[in-house]
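Participant: Predicted model follows, preceded by the sequence.
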Amino acid sequence: NAGVTQTPKFQVLKTGQSMTLQCAQDMNHNSMYWYRQDPGMGLRLIYYSASEGTTDKGEVPNGYNVSRLNKREFSLRLESAAPSQTSVYFCASSETVGQPQHFGDGTRLSIL
Amino acid sequence: KQEVTQIPAALSVPEGENLVLNCSFTDSAIYNLQWFRQDPGKGLTSLLLIQSSQREQTSGRLNASLDKSSGRSTLYIAASQPGDSATYLCAVRLRGSGGYNKLIFGAGTRLAVHP
């Protein structure tokens, strides 16, 4: 009954380091999403994958890359972390685009 | 560009009160609107989803309404309880290719219900 699982839950990085956030879903969903949530702002879409083998940019893609490794997994990579990328990152999935999204518990990322 | 605004940003009420959370959006060409609950340190849990053709949806003590023409939605919580304390977010899904794939979120209303 896991739903959407994100790892790690917390991470502290130094400016310039790289890191990959992992997301896996066990609901056989086709579509997956990465959001970031900053204080006083709503969630903003970074990238999404409508189906296995496809990825598209969201509102705030700069500084990030994604990989849809298979139907279950969708990873988010920061190649050279910057303090402006300090945020809480959420992964979500849905049966198809347009269907209700199910969210993971988030990864809290601090970049010093 | 679609913007979603939630007022108030924070709300504190005594247990038992009926309360209304507001959400407004600038572009009425939406596919649907969704209300979420977020507990501290947790992800989002979907509460209610209203399609653009619908006026309201109900689940237990929760009732969400949608007025597309005025760009507004309200979430009504009846007989509030301390367990309702959380942040409530609304999000709209736009019509049209591209937009259909995305949710646009408000910043949320942080609700505290005290005994």
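Facilitator: Here it is on my side, so go on.
Participant: which residues does the residue nearest the centre of chain A contact?
Facilitator: Per CA atoms, centre = their mean, the C-alpha nearest to the average position across chain A is that of A:Trp34, at 3.0 Å. Counting by CB atoms under 8 Å, 6 or more residues apart in numbering or on different chains, A:Trp34 touches A:21, A:23, A:45-48, A:58, A:64, A:66, A:74, A:76, A:89-91. In short, each C-beta sits where N, CA and C put it, glycine included.
Participant: Now the phi/psi pair for the closest residue to chain B within chain A, please.
Facilitator: Proximity of chain A to chain B (CB to the nearest CB) peaks at A:Gly42, 3.1 Å away. Main-chain dihedrals, A:Gly42, degrees, to the nearest 10: phi -80, psi 170.
Participant: There's contact between it and B:Val4 in this structure, I believe.
Facilitator: Yes - using CB atoms under 8 Å, A:Gly42 is in contact with B:Val4, at 6.4 Å.
Participant: From A:Arg36, how far out is A:Tyr89?
Facilitator: Using CB to CB, to the nearest Å, we find A:Tyr89 at a distance of 5 Å from A:Arg36.
Participant: on that earlier part again, can you name the next helix or strand after the strand or helix carrying the residue nearest to the centre of chain A?
Facilitator: Using DSSP states H and E, A:Trp34 sits within strand A:31-37. Next helix or strand after strand A:31-37 toward the C-terminus (DSSP H and E): strand A:44-49.
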